[in-house]
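# Okay, here's the prediction I keep looking at, along with the sequence it came from:
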Amino acid sequence: MALPWSLLLELLLYGSCFICGIITAASVTISQGSFAGKCMLYGSVRLNNTSISVLTSSSPSLCYFVSAISVCVAVFCFSVTLYWVYIACFEGEVKREKLWMNITLGLSGVFLFFLLVTGCILKIGRDKLCDSLLNTLTTNITKCEDAQDKSWLSPINGSQFYSRLHSAEIAVWVNFFFWMIIAGLVLLQRNKGSETLSGGGEPSATASETEPFFNRPGRP
């Protein structure tokens with residue numbers, strides 16, 4: 001059975017959110033691994049002879065938090081997409097209950113809040129790290145991404161740290177934007193369903209049931 005266009009658009013957005021969540025989680029995890037398990041969001045560096053070394057780093061749980069939020073959003077989107085594909089292919093009848101639309105709206109609000117927090121963490125944390133790099137290498141670099149080409153003290157590999165953190169941040173904000181659209185679509189569908197039920201009377205009532213009781217013609 002063909003899915004309504006609004007639900008198809010919603011599933012397309014779920015798929016996009018799944019990809020964004022995977023990109024964020026993978027980028028942050030790989031970046032943390034490149035710094036020997038240290039979370040460099042809000043971190044600082046120093047110059048050790050000609051190599052860059054880590055001076056301070058954040059708790060690893062901060063990076064775990066960013067990755068966990070992204071993974072949770074991705075798992076939810078993947079599960080919802082599979083559910084509706086199963087319903088369309090095997091059940092035949094596509095029907096959305098108002099209760100589940102309310103639950104989806106509630107989850108959308110929760111995801112939007114945590115994605116906003118995650119995006120701010122990535123943005124401010126990366127900027128703090130970049131400020132430390134620019135202050136440490138004042139004569140060698142003019143942009144934060146230039147530090148990727150510098151020598152880092154082993155076992156740290158900072159060759160792609162900026163690109164990975166930047167990709168993670170962009171993916172989070174795109175994910176946030178898509179969830180705003182999903183919330184709008186679900187709200188539109190819920191209101192549309194309410195208007196249909198309230199404007200059309202009781203669809204299951206028969207003609208005899210809707211006749212005035214005292215004005216019914218006599219039966220032979």
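It's in.
# only C-alpha atoms for contact and neighbour calcs from this point on.
Fine.
# I figured Ile19 was touching Ala74, is that so?
Yes - using Cα atoms under 8 Å, Ile19 is in contact with Ala74, at 7.2 Å.
# Please, where are all the helices along the chain?
Counting by DSSP state H, the chain has helices at residues 5-34, 60-86, 98-136, 161-199.
# thinking Tyr162 is in contact with Cys144, fair?
Yes - Tyr162 is within contact range of Cys144, at 7.3 Å (criterion: Cα under 8 Å).
# still on that earlier bit, adding distance to Thr50 and mean pLDDT, write the helices of the chain out as CSV.
Output for these, formatted as CSV (distance: least, Cα to Cα, whole Å; pLDDT from 0 to 100):
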stretch, distance to Thr50, mean pLDDT
helix 5-34, 19, 92
helix 60-86, 27, 93
helix 98-136, 12, 93
helix 161-199, 19, 84
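# ok so, going back, tell me which of Ile19 and Ala74 has more neighbours.
Ala74 (23 against 17; other Cα atoms under 10 Å).
# who's in contact with the more buried one?
Listed by Cα atoms under 8 Å, 6 or more residues apart in numbering, the contact partners of Ala74 are Cys17, Phe18, Ile19, Cys20, Gly21, Ile22.
# wait, which of the residues you listed is closest to Ser31?
Using Cα to Cα, Ile22 is the member of the contacts of Ala74 that sits closest to Ser31, with 14.0 Å.
# my guess is that closest one meets Ile69, correct?
No - applying Cα under 8 Å as the test, Ile22 and Ile69 come out as separate, 10.4 Å apart.
# biggest strand in the chain by residues?
strand 39-48 (DSSP state E).
# For that strand, list every residue counted as buried.
Cys39, Met40, Leu41, Tyr42, Gly43, Ser44, Val45, Arg46 (16 or more other Cα atoms under 10 Å).
# what's that strand packed up against?
Applying 3 or more Cα pairs under 8 Å, 6 or more residues apart in numbering; DSSP states H and E, we find strand 39-48 packed against strand 51-58, helix 60-86, helix 98-136.
# can you redo these as TSV with distance to Val186?
Shown next, in TSV, are those (distance: least, Cα to Cα, whole Å):
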stretch	distance to Val186
strand 51-58	38
helix 60-86	13
helix 98-136	6
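# Which residue, neighbours along the chain excluded, lies closest to the most centrally placed residue in the chain?
Closest residue to the average C-alpha location of the chain: Asn175 at 4.0 Å, with Cα atoms, centre = their mean. With Cα to Cα, 6 or more residues apart in numbering as the criterion, Asn175 has its nearest non-adjacent residue at 5.3 Å, and that residue is Cys17.
# Run a quick neighbour tally on the one you found.
27.
# again with the one 4 residues further on
Neighbours of Gly21 under the rule other Cα under 10 Å: 29.
# cool, and the one 4 residues further on?
Using other Cα under 10 Å, the number of residues around Ala25 comes to 25.
# Wait, it touches Cys72, no?
No - contact criterion Cα under 8 Å: Ala25 and Cys72 do not qualify, at 10.0 Å.
# which ones are touching Ile30?
Residues in contact with Ile30 (Cα under 8 Å, 6+ apart) are Arg164.
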